[in-house]
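*Asks:* curious how this folds, go ahead:
(one chain, ligands or ions: 1)
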Amino acid sequence: MFNLAIIGGGPAGYTAAEKASKAGLSVVLFEKEALGGTCLNVGCIPTKTLLYSAKQFYNAVHADKYGVKAENVTFDYTKIVQRKSKIVRKLVAGIKQKLQACTVVQGEAVVADYSPAIITIECSGQSYEAEHLLLCNGSVNFVPPIPGVNDNQYVWSSTDALAATELPQSVAIIGGGVIGMEFATLYMELGVKVTVIEALPRILPNMDSEIVALLRAKYEKAGVSFLTSTRVTSVDENRVHYQSAGAQSEECVEADKILVCVGRRANLQGIQGLAGLSVERGHIVVDEHMLTNLPNVYAAGDITGKMMLAHVASRQAEVAVGHMLGVQDQMNYNAVPSVVYTNPEIASVGLSVSEAEGDNFVVRKLPMTYSGRFMAENEGENGLCKMIVDKHTDTIVGVHMYGNPCSEFIVAATMAVQSGLTSRQLQQIIFPHPTASEILKEIL
Ligand code: NAI
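*Replies:* You can find the predicted model right below:
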């Protein structure tokens, strides 16, 4: 019997397996596809790899503004895709290496029987018993009930788009959320004609509205079309039919590919054997220790539907394993950084400006150009940094940034928010000069 069985080898599953085995627990981990899960195989890492190539091309094309002449710049998309696959392979191998002390079983696991003392899991014709179970089954692409989306050769999921070895000449993206806008960035930088169709009044509805407006204006200038407050009514072959708010009739956009990015749903397959497990609105219900309502059954990652982010998943996994080991720890979602890898990047943490409305907060704002390093490296960009400070306690409660490379220093803001730093305390910290991160002191 194992001390711990883990279903799913994504950021939640592999982090838990590594931590638990290091602490001396015997661990069996089941993965039906590849270790690393969505994030490593068909999510964060492959997109960032493709985006990096696209950015290199885009920067070369626009090198003139830095006094550099680069003529007839081209790219080889096959090579770009091969590089992405090589990076993914290397990272998957790295995870395998880290899990050497665990039993890793390839196959689709099903919970066959549950009692608080013994949990039985079946996988590939074998039975496994464990004292604890950690469900890290992740999430799957949501396919919206739009007529014509299924079994249509022109329709891509994000996984299809990542696997493609050729670029379309035009793409219609349904959903202007995080995935939609990261793909819009990739295609826009590589010269593909992009149309983004978003049901809500604005793209990236969870990010700061002022920052999103700046991004949208920049992308529109680069040729991206946005249809917001627009409902897709149907798809037929390579045509997307839509109706915009206030419009009298339907309109249509044609594209070589139609990329559907309208969110993800928790993957609850294989857990039917857990009778009585509490599931609400399609997610497993967990407490602050990632414990479900069933003794010895934990869940971490997208399946909990808290925040579908790899870094949240791995932290949840640490908390779950810690709880099994009797460590005092718990989840806190007040300081979860969030990054959108557009160009420029958007990064944020803590309270949003709309949440901070009222008399209790001050919202400070400063263009990123107040940082000398930002000026040196971001010709033609202003960027924006916003910091929300509690008026009464001087505590930093939220930071929102637009400008490269804010994804790399949002962690400094995260540390400030998480540890309840006051703006005076942040002022006393020595920042390296010259770095774009200095904007976090300039703004004080
Ligand atoms: P999302 O929830 O971020 O965005 C989906 C968008 O589609 C929303 O804006 C929604 O209003 C719109 N939408 C829904 N139905 C529609 C319809 N029928 N027509 C037009 N628009 C429609 O979901 P997304 O982008 O698919 O991402 C899935 C998950 O993956 C998210 O939880 C996201 O946070 C996570 N993720 C995070 C990344 C990051 O941290 N950089 C990168 C990629 C994904």
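*Asks:* per-residue confidence for the residue in the stretch 51-200 of the chain that the ligand sits nearest to?
*Replies:* Closest residue of the stretch 51-200 of the chain to the ligand, C-beta to the nearest ligand atom: G177 (1.8 Å). The way it works is simple: take the backbone N, C-alpha and C, and place the C-beta from them, glycine included. We have a pLDDT of 98 for G177.
*Asks:* that one touches G263, doesn't it?
*Replies:* Yes: counting by C-beta atoms under 8 Å, G177 touches G263, with 6.7 Å between them.
*Asks:* neighbour-wise, which of those two wins?
*Replies:* Applying other C-beta atoms under 10 Å to G177 and G263 shows that G177 carries more neighbours, namely 21 against 15.
*Asks:* next, name the residue at the spatial heart of the chain.
*Replies:* Taking C-alpha atoms, centre = their mean, the centroid of the chain lies closest to L309, which sits 4.8 Å from it.
*Asks:* which residues touch F183?
*Replies:* T47, S158, A161, V171, I173, L259, C261 (C-beta atoms under 8 Å, 6 or more residues apart in numbering).
*Asks:* can you check H400 too?
*Replies:* By C-beta under 8 Å, 6+ apart, H400 lies in contact with M207, D208, I211, I346, A347, S348, S352, V353, L384, C385, K386.
*Asks:* what's the spacing between the nearest residue to A436 once chain neighbours are set aside and the ligand?
*Replies:* The shortest distance from A436 to any non-neighbouring residue, by C-beta to C-beta, 6 or more residues apart in numbering, is to F374 (4.4 Å). The spacing between F374 and the ligand, counted by C-beta to the nearest ligand atom, to the nearest Å, is 21 Å.
*Asks:* in three-state terms, label Y128 for me.
*Replies:* strand (DSSP: H, G, I helix; E, B strand; the rest coil).
*Asks:* next: P344.
*Replies:* Applying three-state DSSP: P344 is coil.
*Asks:* how close does it get to the ligand?
*Replies:* According to C-beta to the nearest ligand atom, P344 stands 14 Å off from the ligand.
*Asks:* show me what the spatially closest residue to G350 that is not a sequence neighbour bridges to in the sheet.
*Replies:* Excluding the flanking residues, the one nearest G350 by C-beta to C-beta, 6+ apart is G398, at 3.5 Å. Here G398 sits in beta bridges with G350, I388, going by DSSP bridges.
*Asks:* could you chop the chain up by domain?
*Replies:* Per the record, the chain has its domains at 2-141+265-324, 155-262, 338-442, by automatic domain parsing.
*Asks:* include distance to M331 when you put those domains into a markdown table, please.
*Replies:* Formatted as a markdown table, the domains of the chain follow (distance: least, C-beta to C-beta, whole Å):
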| stretch | distance to M331 |
| --- | --- |
| domain 2-141+265-324 | 5 |
| domain 155-262 | 19 |
| domain 338-442 | 12 |
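*Asks:* picking that back up, mind checking which of the contacts of H400 land in strands?
*Replies:* I346, A347, S348, L384, C385, K386 (DSSP state E).
*Asks:* which bits of the stretch 201-350 of the chain sit near the ligand?
*Replies:* P205, V232, C261, V262, G263, R264, M308, L309, S338, V339, V340, Y341 (C-beta under 6 Å from any ligand atom).
*Asks:* OK, contacts around the fifth one?
*Replies:* Read that as G263. Shown in contact with G263 (C-beta under 8 Å, 6+ apart): F142, G175, G177.
*Asks:* tabulate these (TSV), appending secondary structure.
*Replies:* Listed next are these as TSV, based on three-state DSSP:
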residue	secondary structure
F142	coil
G175	coil
G177	coil
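*Asks:* could you report the pLDDT at D359?
*Replies:* The predicted structure scores D359 at 89 on the pLDDT scale.
*Asks:* pretty sure it contacts K391?
*Replies:* Yes: counting by C-beta under 8 Å, D359 touches K391, with 7.1 Å between them.
*Asks:* neighbour-wise, which of these two wins?
*Replies:* Neighbour totals were compared for D359 and K391, and K391 leads with 12 against 7 (other C-beta under 10 Å).
*Asks:* so how far is E166 from the residue of the stretch 51-200 of the chain closest to the ligand?
*Replies:* Distance of G177 to E166, given as C-beta to C-beta, to the nearest Å: 25 Å.
*Asks:* and N293, by the same measure?
*Replies:* Noted for N293: a distance of 48 Å to E166, by C-beta to C-beta.
*Asks:* shaky segments in the stretch 301-444 of the chain?
*Replies:* Of all residues in the stretch 301-444 of the chain, none has pLDDT under 70.
*Asks:* could you rerun that using 90?
*Replies:* Counting by pLDDT under 90, the low-confidence segments of the stretch 301-444 of the chain come to 357-359.
*Asks:* which stretches of it form strands?
*Replies:* 338-340, 346-350, 361-366, 384-390, 396-402 (DSSP state E, counting those that start in this stretch).
*Asks:* any idea which of the ones you listed is most buried?
*Replies:* By mean neighbour count, with neighbours taken as mean count of other C-beta atoms under 10 Å, strand 396-402 ranks first of the strands of the stretch 301-444 of the chain at a mean of 27.
*Asks:* which residues does L186 contact?
*Replies:* Going by C-beta under 8 Å, 6+ apart, the list of residues near L186 reads T47, L50, L51, A54.
*Asks:* show me where the stretch 251-400 of the chain has helices.
*Replies:* Under the criterion DSSP state H, counting those that start in this stretch, the stretch 251-400 of the chain carries helices at the ranges 310-324, 372-377.
*Asks:* among the ones you listed, which is the most enclosed?
*Replies:* Highest mean neighbour count of the helices of the stretch 251-400 of the chain: helix 310-324, a mean of 24 (counted as mean count of other C-beta under 10 Å).
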